[in-house]
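Undergrad: Here's a sequence, model it:
(one chain, ligands or ions: 1)
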Amino acid sequence: MSYLSELLADVLGGHRLTEAEATWLLDIQGRDIFKIASAADEMRECRVGDIVTYVKNQNLHVTNICKNLCGFCGFGRSAGDEGAYCNDKTAIQEKVRLALGRGVTEICPLSGVHPEFSIDTYCDLISWVHELGPHIHLHAFSPDEVSHAASRNNLSSTDVLNRLKEAGLGSLQGTAAEILVDSVRKVICPRKIRTAEWIRIIIEAHNLGIPSTATIMYGSVESTKDRAEHLGILRNIQDKTNGFTELVPLTYIHTNTPLYTAGIARAGATGREDLLMIAVSRLFLDNFDNIQVPWGKLGLKMSQMMLLAGGNDLAGTMFSDDVSVNAGATDADYLDPLVMNRMVSDLGRILQERTTLYERL
Ligand code: SF4
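TA: As a prediction, the model looks like this:
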């Protein structure tokens, strides 16, 4: 038996992968990648069965004005830049009405970290949505936005999280994680919070009963060792809090981003790397039920293959993703559940709608 086959058999038997083993798996080339995908698929079947879930949601772009201007992002603008915008209550409620008409259960604000936004702005946003749709789950705000509100209002991050929870926040976005290795963050997002602060705020949120997603944005300048270290951080947090609902692996869309045009980042992850990112995440994160397949970044055919490599969730219907589109993605706006059903039933699996927190509908 090869070392790879032995390692995969051990993992399926309960062995917890080390970061060094995960790094080794992420570097595998050739047909062995399908052995890893197959083991991840088996792990997925044992853990969550054959149901593939999705949520009816809508992204809500509040502003693209951002204090961070990360090098991997094609969405953020400075105030005064061409195309910079900040929607007011009327414009936001117009989008909410549209979302309600589409029967969504979740609204997901995606915005820049506007330098003038404060805790009141974030609480107002929640109340504007709930004024029209009190039942809507708001999946909103990253730890970086929590940190920003805390410093703008001279509050602790726990105070900010409590205020957001009281205002009606349903769950926190696990974004702004990118790669949780500070030497990488200094290159790709130097103005964002550092790793230790991201971890602290996520744990605070979980301890206050606010669940969150977990994300990884891979394929820019980081190494496979950095990816494994990031997964290790997520697994440790989940051991402590069990507050992550899922992993969302976000492949870097490079085309219109400053890091790529300056020649600092490469042209995103390859298909092999995408497949291994999902598969190794499934094998490594033995305390996560759900590994999401972000169809808006991977494309539909690749996404279908990811459902055979450890993925069990097709994310949301979205109805617009300017963050991916501005960075150069195509077909990232809306996925009809009928199309999802075609992708899923073709694999002999079953599509089922869920809530944000994975209750089946
Ligand atoms: S990734 Fe987010 S925080 Fe960074 S520039 Fe883009 S919108 Fe701003």
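
Undergrad: Not counting stretch 190-205 itself, show me its contacts.
TA: 67-70, 143-144, 146-147, 157-158, 161, 172, 174, 176-178, 180-182, 185, 211-212, 233, 237, 240-241, 243 (C-beta atoms under 8 Å, 6 or more residues apart in numbering). Yep, even glycine has a C-beta here, placed from its N, CA and C like the rest.

Undergrad: ok, now stretch 92-111?
TA: 55-64, 66, 87, 125, 128-129, 131-133, 135-141, 170, 173, 316-317, 319, 321-323, 355-356, 361.

Undergrad: ok, 6 Å please
TA: Contact with stretch 92-111 is made by 55-63, 128-129, 132-133, 136-140, 323, 355-356, as judged by C-beta atoms under 6 Å, 6 or more residues apart in numbering.

Undergrad: How far off centre is that stretch?
TA: 19 Å (C-alpha atoms, centre = their mean, to the nearest Å).

Undergrad: How much space separates residue 280 from residue 78?
TA: Going from residue 280 to residue 78 by C-beta to C-beta, to the nearest Å gives 37 Å.

Undergrad: And the two? Which one has more around it.
TA: In terms of neighbours (other C-beta atoms under 10 Å), residue 280 is the more surrounded of residue 280 and residue 78; the figures are 29 against 13.

Undergrad: which SS class is the nearest residue to the more buried one once chain neighbours are set aside?
TA: Closest residue in space to residue 280, ignoring its immediate chain neighbours: residue 25 at 4.9 Å, by C-beta to C-beta, 6 or more residues apart in numbering. Three-state call for residue 25 (DSSP: H, G, I helix; E, B strand; the rest coil): helix.

Undergrad: follow-up on the earlier one: give the buried subset of the contacts of stretch 92-111 as a ChimeraX selection command.
TA: Of the contacts of stretch 92-111, the buried ones can be selected in ChimeraX as follows, counting by 16 or more other C-beta atoms under 10 Å:
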select :55,56,57,58,59,60,61,62,63,129,133,136,137,138,139,140,323,355,356
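
Undergrad: So which of the contacts of stretch 92-111 belong to strands?
TA: The strands, defined by DSSP state E, take in 55, 57, 58, 59, 60, 61, 137, 138, 139, 140 from the contacts of stretch 92-111.

Undergrad: And stretch 88-97, what's buried?
TA: Neighbour-count burial for stretch 88-97 flags 92, 93, 95, 96 (criterion: 16+ other C-beta under 10 Å).

Undergrad: now what about the helix or strand that contains residue 35, what contacts it?
TA: Taking DSSP states H and E as the criterion, residue 35 maps to helix 32-48. The contact list for helix 32-48 (C-beta under 6 Å, 6+ apart) reads 4, 8, 25, 272, 279, 282, 283, 289, 308, 309, 310, 312.

Undergrad: Distance check, the third one against the ligand.
TA: So that's residue 25. Using C-beta to the nearest ligand atom, to the nearest Å, one gets 28 Å for the distance from residue 25 to the ligand.

Undergrad: I figured that residue was touching residue 279, is that so?
TA: No. Residue 25 is beyond contact range of residue 279, at 8.0 Å (criterion: C-beta atoms under 6 Å).

Undergrad: Settle it for me: which of those two has more neighbours?
TA: The residue with more neighbours, out of residue 25 and residue 279, is residue 279; 30 against 25, by other C-beta under 10 Å.

Undergrad: what sits against the more buried one?
TA: Contacts of residue 279 by C-beta under 6 Å, 6+ apart are 36, 37, 40, 309, 310.

Undergrad: Select from those the one having the most neighbours.
TA: residue 310 (31 neighbours).

Undergrad: Which pLDDT value does the model give that one?
TA: Looking at residue 310, its pLDDT stands at 98.

Undergrad: Wait, it touches residue 276, no?
TA: No. The pair residue 310 / residue 276 is not scored as a contact, 10.0 Å apart, by C-beta under 6 Å.

Undergrad: Residues in contact with the helix or strand containing residue 164: which ones?
TA: Element membership of residue 164 [criterion: DSSP H and E] is helix 157-167. If you take C-beta under 6 Å, 6+ apart as the criterion, helix 157-167 is touched by 119, 123, 126, 146, 149, 150, 201, 204, 205, 208, 210.

Undergrad: what's the helix or strand where residue 231 lies packed up against?
TA: Following DSSP H and E, one finds residue 231 within helix 224-241. Counting contacts by 3 or more C-beta pairs under 6 Å, 6 or more residues apart in numbering; DSSP states H and E, helix 224-241 packs against helix 19-26, strand 212-218.

Undergrad: Mean pLDDT added to those, as a markdown table?
TA: Formatted as a markdown table, the helices and strands packed on helix 224-241 follow (pLDDT from 0 to 100):
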| stretch | mean pLDDT |
| --- | --- |
| helix 19-26 | 98 |
| strand 212-218 | 98 |
